[in-house]
Structures are given as structure tokens and as C-alpha cells.
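Chemist: whatever this is, show me its structure:
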Amino acid sequence: MDSSVAQSSPNLGRLGEENVKLKYRLNILRRSLQAERTRPTKNMVTINSRLQEVFGCAFKAAYPDLENPPLRVTPSQQPKFGDYQCNSEQKVNPRETAEYITKHLPDNECAEKVEIAGPGFINVHLRKDFVSQQLTNLLGNGVQLPPLGENKKVVADFSSPNIAKEMHVGHLRSTIIGESVGRLYEFAGYDVLRLNHVGDWGPQFGMLIAHLQDKFPDYPAVSPPIGDLQAFHKESKRRFDTEEEFKKRAYQCVVRLQSKNPDITKAWKLLCDVSRQEFNKIYDALDISLIERGESFSQDRMPAIVKEFEDKGFGQVDDGRKTVFVPGCSVPLTTVKSDGGYTDDTSDLAALKQRLFEEEADLIIYVVDSGQSVHFQTIFGAAQMIGWDDPKVTRVFHAGFGVVLGEDKKKLKTRSGETVRLIDLLEEGLKRSMDKLKEKERDKVLTAEELKAAQTSVAYGCIKYAHLSHNRLNGCIFSFDQRLDDRGNTAAYLLYAFTRIRSIARLANIDEEMLQKAAQETKIILDHEKERKLGRCILRFPETLQKILDDLLLHTLCDYIYELATTFTESYDSRYCVEKDRQTGHVLQVHMWRVLLCEAVAAVMAKAFDIPGIKPAQRM
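Modeler: Below is the predicted model:
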């Protein structure tokens, strides 16, 4: 025998033994990982993420040399093709790739079977027992997401009205979207700081303070009874434009405010307090939670911001102005005006730096209309240019939105051409909601307290849902008649559907204690395709939220709630939950697992409503 062959034989033997041992350990690790994944958890499973892991393992086993498996798992659009679909984005022979992946698919708890269709799509059918078990977990532990945002902080900047001006519908859309974003991230486990960057500083305060001095000269001792802030602002603006002496005094007031003169500072605070009281009426009615941190908060930080840009060689002087040019942006930032005053650019830069370094935010979201997109693109670019923000570490995101339009597809205004006041819009909603309830004769069957709760639920739910159910990137057409319709994808329809679902157990004389006991003891059978469809729809809730966390398009949540409600109706209308004697109304039989399925729908809908702050009434 050749000596080299003789020497290599023992080596090959040892390598073979080592390979067997490694395979044995790998199988133990795989079983351990599988056991960990199938271990009962209080959190809902994000099924598409779980399938992504399963197919990722298969892809890695099939193609060990590829670093990041080019796979995408999405819910199937047609039930006959399964519940989910896996698509490999390999460019070469996709069907052969799909076949090779399925051969290496590991054992898992969720996929019952997989089928290859067309040019390489892998259709996945979920195990019925897996869906049933996940629904049981939901009923026992409540609707909970995995802790996605553990030890992470979000700063959300929204609403941001101007002092001494009425809030209008543009502020309303920012407020509703921003509050929903904050609630969503809190539900996902993030620490959320909601900031109201109000316009509480600037040259306009000179004319407001000067007008306050003339109209209420005893303001230092007696709080001024300013009844109509909008009228007060208009009066001061008219005087500023027509009275030269008043204009001079207004400029002097600005200088004295900036130098922190006590009397002028008190006047400024009074104006802010009067505005704040009006803003809080809106926020309290809509259950909005905000910390006010206006433009004034950044005043003392601005000189250092300008100096930092100058010291790093980014500041330029142009005709007396100090500017900063950001690569890729056509319009420069103005940090100091030719008269020496600071600008909104300087204020926004100072606020962004504070949020990055002092708040140590992982994600900063600005919910401001899309008309400001160029401004924010430049601000964010400047922060990266100077080294404050690293996009790989912190996400700074402008969640822009389109304008609110009336039924004529023009900006929502009153008949006199004025911008619609927000308080008037809310009051109109309450009035129309009550009219609708009385039209349906609900005032004859509900107590006064129940009627009031239903009125508020429908009115404010209708207003919030109207702003969220449209893609925020587009304009939003607002119509009370359309939004109060109890048919179609409206808050009114969904609130009525939710109340109907919640009433099923009550009408069958099943109380909360009985439901909790049944959830522990009763298996959810899912013996009909419509019930299986409903079960799968319920379990898509976490992945729906995961998508919204990425793109902040909240209309996706509205579409999901509507799909859940209509899928429930399909199932409920075809399969009895409670069978009653038609003559006497006595309960003959309760299909408890179907009642539990209804409770699972209601639990998910309740959480879905909580994200936009919609409060269902118990009876409607």
C-alpha cells in the first residue's frame, strides 16, 4: 500500500468520527431550539417571522455558502393556495430552488404541509392544532406582543399648534396619527416620549404682548379674560400692519422678551397659559397624552448650535445671513438671520440634538404635514453631516401626511371661508352622533349614561378613524355623513360589530368567570373552513403591527380591523354559537368553543381600538 494512503486512512477515520459527533451535537441543538420555540409563552407568536426562521434554516442547510437567505414570507392572498407563501428571490431556477429548500425543511410546530406552485412559490398550510393552541394562549394570557422595544426609546413629535391661534384640522391629523404611533410603540414595549413642539416663541409675540398691554393694562395683577384667542391674534396682526407706532412697540417687546424682562416674560406666560387651556380641552376630549416642549425650550441652546457648525467649517455667511449647505439639498438652512435673530431651522436643529444626546432616543418620529418634507430632509442631512446622527444607530423619520379635505375635495373650511376650528368639529361630531343614535331609537333602550357613552364613542371614534383609515401620505376627505354610516369600513360599523360580539356571551348567560374557566378547559376545534379562516385572521394581528412599526402607515391597522370584523360575520352567520328556542328564547345549547372564538376576536379588536384611542361602549 502507498505510504501516503496508509497515513491518510487514520486521518480520514478520525475526521469521520468527528463529523458524526458534530452532527449528533447539531441535532441536539436543533431539538433544543425547537423545544424553546414551542415552549408555552404569554406572547402572541408572529407567524410570518416564525416561518421566516423555519425557511431560513432550510435555505441555510440547502445553500450553506449564502450569508443572508433571499426569502420573503407573506400571508397568502387566496386561501386555496394556503395560509402563507414563501418566495425565494434567487435569480437562478426558482422552482428548483424551492424544491431544494422544501427538502431541507426542519420539523416545526406551525406548518402542516408545503406545496410548490408556479415558478417557485412555496405555499404553506398551517396546522389546525397550532392555530387552536395559539388562540387558547391568547384567551389565557391576553393580547401581548413579544418585547420588541425592550430598553429602546422613541421620541414622537406631533400636534405642535401655535400659541394664540386656534387648533385646526391640520393639527388634528398630526395629533391623531402621533398619539396612535405613541400607543403602538408603547404596546410593543418601547419607552415613548410624546412631545408637543408648540410655536411659543418668535417675533409674533411682540405684537401679541403689545396688544395685551393696551387691551388689559392690569395684566401683571389680574389674569386677562381673553375669550377668543383667534380674534385677539387677528386684532394684534391688523394693528401691526396698519399702526406704525404699535409696530415699533411690538419690536421693542420682542427685544425685551429675549432679554427676559420680568413684566414682558409674565405677559408671554399668560398668553401661553390661555392657549394651553384651549389646547387641553381638545387633548382631554380625545384622550391625548403629550409633554409640552415648545420652541422656547431650545432658545438657550441655539448659540452653541450655530458655533458648532461654524467651528466644524459648515457655516457660511450670505448677505448677512448665516447659512449651512447640506449635500444633496438644494435649499440651505438659515441658522441666523441678517438681523441677528434665530430661525425655525436653528430651533429644529437644537431640538434634534437634544433628543439624540440628552434623551438618547433610538427612534425619533416627526408627525408633520408632507409640505415640510424638504425642510426635514435638510435638517436630518445636517445632523448626519455634523456627526450627531448615525442612521445605523438611530432612526430619524418624518411621518408626513396629506392635507384634510372637505367633501368638495378642497381644504376643509367653514361656509364663510375660515379654517374649521377643531373644537367646532368635535362639537359637530357629538351632535351628529346623537342624532344618529336617536334615529336608530337607541335612546329608547339605553340609559342616559349608556347613551352618552355611545355618543362619545361613535363621535370621537369616527373622527379618529377618518384620519387613520386613509393612507397618511395622501389627502384625507372628511365627511360626517360617510363616517357615521354603520356600513362599510367606518368606526361606526366596527364599534357596532364589537358591541355585538361582546354581547354573545352575555346573552347566553356566560359570565367572566365561566369564560376564564372554559378558556382553560375547552379546546377550540375549528371544524369549519370559515372558523379556520377566522382563527388565522386573529393570529395575523402581531405581524400587522410589526409592519406598521416599520412604515408607520396606520391605515393598515384599520384595514385589518375591518377584515377581522367581516371575517367574524361570515363565520358567525354560518355557525351557531348559541342555539335558542325560537318560541321561548330559552338557551338550548351553547357551543362554548365558538363563544371562545368570539371572545378572541373581541380581545384583539379591543387592543386594535386602543392603539388609535377609540373607546368602544358596552352597549350601543
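Chemist: now for the nearest residue to residue 332 once chain neighbours are set aside, how many residues are close by?
Modeler: Residue nearest to residue 332 in three dimensions, not counting chain neighbours: residue 323, with 4.2 Å by CB to CB, 6 or more residues apart in numbering. All C-beta atoms are positioned from the backbone trio N, CA, C, and that covers glycine. Neighbourhood size, residue 323 [other CB atoms under 10 Å]: 18.
Chemist: show me what the helix or strand where residue 323 lies pairs with in its sheet, parallel or antiparallel.
Modeler: Here residue 323, judged by DSSP states H and E, is contained in strand 321-324. Applying DSSP bridges, strand 321-324 is found paired with strand 315-318 (antiparallel), strand 333-336 (antiparallel).
Chemist: could you dump the ones you listed to a markdown table with distance to residue 467 and mean neighbour count?
Modeler: As requested, the strands paired with strand 321-324 are exported to a markdown table (distance: least, CB to CB, whole Å; neighbours: other CB atoms under 10 Å):
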| stretch | distance to residue 467 | mean neighbour count |
| --- | --- | --- |
| strand 315-318 | 40 | 14 |
| strand 333-336 | 31 | 22 |
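Chemist: so which of these comes closest to residue 216?
Modeler: The closest of those to residue 216 is strand 333-336. By CB to CB, the value is 34.1 Å.
Chemist: what's the following helix or strand past the closest one packed up against?
Modeler: Counting by DSSP H and E, the next helix or strand C-terminal to strand 333-336 is helix 344-357. Applying 3 or more CB pairs under 8 Å, 6 or more residues apart in numbering; DSSP states H and E, we find helix 344-357 packed against helix 302-311, strand 333-336, strand 363-366, helix 373-385.
Chemist: what's the average pLDDT for helix 344-357?
Modeler: Helix 344-357 comes out with an average pLDDT of 97.
Chemist: in it, what counts as buried?
Modeler: Using 16 or more other CB atoms under 10 Å as the test for burial, helix 344-357 gives 344-356.
Chemist: tabulate the residues you listed (CSV), appending distance to residue 454.
Modeler: Below are these laid out as CSV (distance: CB to CB, whole Å):
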residue, distance to residue 454
344, 43
345, 47
346, 49
347, 44
348, 43
349, 47
350, 46
351, 41
352, 43
353, 47
354, 44
355, 40
356, 45
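Chemist: circling back: what does the strand holding residue 323 contact?
Modeler: Residues from elsewhere that reach strand 321-324 (CB atoms under 8 Å, 6 or more residues apart in numbering): 306, 309-310, 314-317, 332-338, 382.
Chemist: farthest-separated two in these?
Modeler: 338 and 382 (20.2 Å).
Chemist: any idea which of the buried residues of helix 344-357 is closest to residue 567?
Modeler: residue 355 (41.0 Å).
Chemist: list the contacts of that closest one.
Modeler: Counting by CB under 8 Å, 6+ apart, residue 355 touches 155, 361, 364.
Chemist: for residue 409, see how far away it is.
Modeler: For residue 355, the distance to residue 409 equals 37 Å [CB to CB, to the nearest Å].
Chemist: tell me the pLDDT of the closest residue to residue 348 other than its chain neighbours.
Modeler: Among residues not flanking residue 348 along the chain, residue 379 sits closest, at 5.2 Å (CB to CB, 6+ apart). Residue 379 carries a pLDDT value of 98.
Chemist: quick one, what contacts residue 379?
Modeler: The contact partners of residue 379, by CB under 8 Å, 6+ apart, come to 333, 345, 348, 349, 352.
Chemist: and of the residues you listed, the nearest to residue 175?
Modeler: Taking the contacts of residue 379 together and measuring to residue 175 by CB to CB, the closest member is residue 348, at 19.2 Å.
Chemist: now that closest one: how far from residue 157?
Modeler: Counting by CB to CB, the gap from residue 348 to residue 157 is 10 Å.
Chemist: over to residue 553?
Modeler: Counting by CB to CB, the gap from residue 553 to residue 157 is 18 Å.
Chemist: again, but for residue 190
Modeler: 15 Å.
Chemist: now do residue 471
Modeler: To residue 157, residue 471 is 21 Å away according to CB to CB.
Chemist: those two: who's more crowded?
Modeler: More crowded of residue 471 and residue 157, by other CB under 10 Å: residue 157, with 25 against 14.
Chemist: strands of the stretch 151-300 of the chain, residue ranges please.
Modeler: Secondary structure of the stretch 151-300 of the chain (DSSP state E, counting those that start in this stretch): strands at 153-157, 191-196, 291-292.
Chemist: could you check the angle the second one makes with helix 344-357?
Modeler: Note on geometry: by axes from the mean of the first three to the mean of the last three CA atoms, to 10 degrees, strand 191-196 and helix 344-357 are set 160 degrees apart in direction.
Chemist: alpha carbons only: can I get strand 191-196 in PDB?
Modeler: Below are the C-alpha coordinates for strand 191-196, written out as PDB (Å, rounded to 0.1, in the frame of the first residue of the first chain):
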ATOM      1  CA  ASP A 191     -40.300  53.800  26.200                       C
ATOM      2  CA  VAL A 192     -42.200  56.600  24.400                       C
ATOM      3  CA  LEU A 193     -41.800  60.300  25.000                       C
ATOM      4  CA  ARG A 194     -44.500  62.300  23.300                       C
ATOM      5  CA  LEU A 195     -43.500  65.900  22.700                       C
ATOM      6  CA  ASN A 196     -45.700  68.900  21.700                       C
END
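Chemist: next secondary structure element downstream of the helix or strand bottoming out on mean pLDDT in the chain?
Modeler: Least confident helix or strand of the chain, by mean pLDDT, DSSP states H and E, is helix 3-38 with a mean of 58. Following helix 3-38 in sequence order, the next helix or strand is helix 47-62 (DSSP H and E).
Chemist: kindly export that following helix (C-alpha atoms) in PDB.
Modeler: In PDB, the C-alpha atoms belonging to helix 47-62 read as follows (Å, rounded to 0.1, in the frame of the first residue of the first chain):
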ATOM      1  CA  ILE A  47     -46.300  33.700  12.500                       C
ATOM      2  CA  ASN A  48     -44.700  35.100   9.400                       C
ATOM      3  CA  SER A  49     -41.500  35.800  11.400                       C
ATOM      4  CA  ARG A  50     -41.600  32.200  12.700                       C
ATOM      5  CA  LEU A  51     -42.000  30.800   9.200                       C
ATOM      6  CA  GLN A  52     -39.200  33.100   8.000                       C
ATOM      7  CA  GLU A  53     -36.900  31.400  10.600                       C
ATOM      8  CA  VAL A  54     -38.000  27.900   9.600                       C
ATOM      9  CA  PHE A  55     -37.400  28.600   5.900                       C
ATOM     10  CA  GLY A  56     -34.200  30.500   6.700                       C
ATOM     11  CA  CYS A  57     -32.900  27.300   8.400                       C
ATOM     12  CA  ALA A  58     -33.900  25.300   5.300                       C
ATOM     13  CA  PHE A  59     -32.300  27.700   3.000                       C
ATOM     14  CA  LYS A  60     -29.100  27.800   5.000                       C
ATOM     15  CA  ALA A  61     -29.000  24.000   5.000                       C
ATOM     16  CA  ALA A  62     -29.600  23.900   1.300                       C
END
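Chemist: fine by me, thanks again.
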